[in-house]
Structure formats: structure tokens, C-alpha cells
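> Fold the following.
(one chain, ligands or ions: 1)
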Amino acid sequence: MSLLAVITGASRGIGAGLARAAEAGGAITASCSRSPAAVGERQLNADLADPTAWAVFADWYDALVEQQQPDRCVFVHNAATLTPIGFAGEVDPEAYRTNVLLNSAAPQVLGAAAIATARRTDTPTVIVQLTSGAGRSAYPGWSSYCAAKAAVDMWVRAVGLEQAERGDLVRALAVAPGVVATEMQAEIRSSDPSAFPNVERFRALHADGELADAAIIGARLWELAVSADWPNGTVADLRDLA
Ligand SMILES: NC(=O)c1ccc[n+]([C@@H]2O[C@H](COP(=O)([O-])OP(=O)(O)OC[C@H]3O[C@@H](n4cnc5c(N)ncnc54)[C@H](OP(=O)(O)O)[C@@H]3O)[C@@H](O)[C@H]2O)c1
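Numbers count the residues shown, from 1 in each chain. Now for the predicted structure:
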């Protein structure tokens, strides 16, 4: 049984952990980010905050599935950013726009492209969207990130219902990974409290050794994706799962 894993944001952090786990598990692995991925030869170098890159990604993804003809696909959309940390209307507008495009719009557009390919090629496909507790709890300084993760959760719920109507060829899952030791967390800890008033909580979690390892989290996410042992449209926190 051949399995194709396509992961966005696999150059570091959780995405790199996921890509390593996919490769170790024998999947054909491909990835997309701006800098080179941690593993694998099949890479698309693209800035996913740029709307013109979304069609390029869709064509690349479609061609990969066409070429590899896998029995199953797993598409993990993991790329995201917290930049710019700060209050809406007080941060650089261009950086804010980039955040909205990457975190809110790209997950929906790329997810829809993966569904279209699955249907065109009749390939059973799991779509995993990385979400966050910030999609349910509001954090001052993260307005566009919180809004984006709430959007991701609702996209997965709605798509899960749609795909159940279409026979579950595509299954969608949103997973919050917990607090993981990555560059994103380092950026949080370096925030100015006037831009991110909750910064001390994250500094304390780090000082207390409470951050999870990205390789371990990547491997757990990969197992969860491959198992497909969850109802279509599930939104879950990895910490609540066995
Ligand atoms: N770390 C945590 O504690 C935590 C908690 C909750 C949720 N999450 C979620 O988990 C996912 C991964 O987070 P992480 O902590 O591993 O982040 P990270 O260390 O900052 O890595 C982010 C990845 O996304 C890619 N990326 C960023 N901007 C991009 C762009 N414009 N175009 C293409 N790729 C881009 C980066 O690659 P390039 O820079 O090479 O493009 C990198 O590979 C995110 O969705 C995040 O929201 C993380």
C-alpha cells in the first residue's frame, strides 16, 4: 500500500518532525516552504502567504498525485506564522495582511485544492490542518492568528460534513499540537509585554521544561493522520488524545 505525504512548513519545527516521521514510516514525502525542507527530495519552494502561489501549489500537488499514483494521500497543512505579534491597528499593516493570507486563507484554498485532486484521481485522502487553542481562547496580540485558527476549525467541521455526504473519500482533521519547542515559541517568549500581555505564561512554561519536543509531536501527529481513526471533521487537541 503506497502512501504519499505532502506537508507544508517542513523546513523546521513540527512540520520537520512530521516529515521525518512520514519518511521513516515509508511514505513518499513531499513538502512546501520558503526554505529547504528537513527531509525529502520532492520540494516546492513557495511563499504560501502569496495568493499567486496557491495555484502553483495546487498544480504541483495534482501533478505529484498523478505521477506517484499512491493508494492513499495525507496532506498536512502546517505552515503558519505568529508574526506580527501585537495589537490590531498597531502593527505593520503589510505584515498583518501577510499573516491573514497565510493563516486564514491558505488553509482553505490549499485544502480545497487537495480535495479536488482526491476527487479527480479517486485517491483516498486525509487532510490535517494544524490548529491551536488560540482558535478557542482569545489572546491579545494574536488577533489574526486566533481568528485564523478558529477559521481552520470551522473549515474542517464543514468539510467533514460535506465529505461524509460524498462517501468519505476525503477525511478532514484539525489538531492542536500543544505547546511545542519550536521557533514559533521562541518568538512568543521574546515578545514585548505591551505587544503580548500573556508573555510571562509562555516564559514560565519554558523555564519549567513544559514544552513538548517537535520530533515526538510530529510522530504522534503522523500516527494520528495515518490511523484515520476519528470521525470526519474532528477538531481535537493532541493532549486530549491517548
Ligand atoms: N509550536 C507551538 O507551540 C504550536 C502551538 C499551537 C499550534 N501550532 C501550530 O503548529 C504549526 C507549526 O508550528 P511551528 O511551531 O512548528 O512553527 P515554526 O517553527 O515557526 O515553523 C513554521 C513552518 O512554516 C513555514 N512557513 C512559515 N511561513 C511560510 C510561508 N509564508 N510560506 C511557506 N511556508 C511558511 C516555515 O518554513 P519557511 O520559513 O522555510 O517558509 C516553517 O517550516 C503551525 O500551524 C502553528 O500554528 C504550534
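> switch to C-alpha atoms for all contacts and neighbour counts from now on
Will do.
> Residue 14 and residue 215 touch, don't they?
Yes: between residue 14 and residue 215 there is a contact at 6.8 Å, judged by CA atoms under 8 Å.
> what's in contact with the helix ranked longest in the chain?
In the chain, ranked by residue count with DSSP state H as the criterion, the top helix is helix 143-165. With CA atoms under 8 Å, 6 or more residues apart in numbering as the test, helix 143-165 has contacts from 81-82, 87-88, 96, 99-100, 103-104, 107-108, 129, 131-132, 134-139, 169-174, 232-235.
> can we see that at 7 Å?
82, 88, 99-100, 103-104, 107-108, 129, 131-132, 134-136, 138, 170-174, 232-235 (CA atoms under 7 Å, 6 or more residues apart in numbering).
> for stretch 189-200, same thing?
By CA under 7 Å, 6+ apart, stretch 189-200 touches 85-87, 140-141, 188, 202-203.
> Output that stretch as CSV - backbone C-alpha positions only.
Taking Å, rounded to 0.1, in the frame of the first residue of the first chain, the C-alpha atoms of stretch 189-200 are listed here in CSV:
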residue,chain,number,x,y,z
ARG,A,189,8.9,34.4,24.6
SER,A,190,10.8,37.3,23.0
SER,A,191,7.7,39.4,22.8
ASP,A,192,7.3,42.7,24.5
PRO,A,193,4.5,42.5,27.1
SER,A,194,2.9,45.6,25.6
ALA,A,195,2.5,43.7,22.4
PHE,A,196,1.7,40.3,24.0
PRO,A,197,0.5,40.7,27.6
ASN,A,198,0.4,36.9,28.2
VAL,A,199,4.1,36.5,27.5
GLU,A,200,5.1,35.6,31.1
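> buried residues in it?
If you call a residue buried by 16 or more other CA atoms under 10 Å, then stretch 189-200 has these buried ones: 189, 191, 195-196, 198-199.
> Tell me the one of those nearest the ligand?
For the buried residues of stretch 189-200, the closest approach to the ligand (CA to the nearest ligand atom) belongs to residue 189, at 11.1 Å.
> what pLDDT does the most centrally placed residue in the chain get?
Nearest to the mean C-alpha position of the chain, by CA atoms, centre = their mean, lies residue 78 at 2.0 Å. What the model reports for residue 78 is a pLDDT of 98.
> Please apply the same query to residue 35.
In this model, residue 35 carries a pLDDT of 96.
> tell me the secondary structure for it?
Under the three-state scheme (DSSP: H, G, I helix; E, B strand; the rest coil), residue 35 adopts coil.
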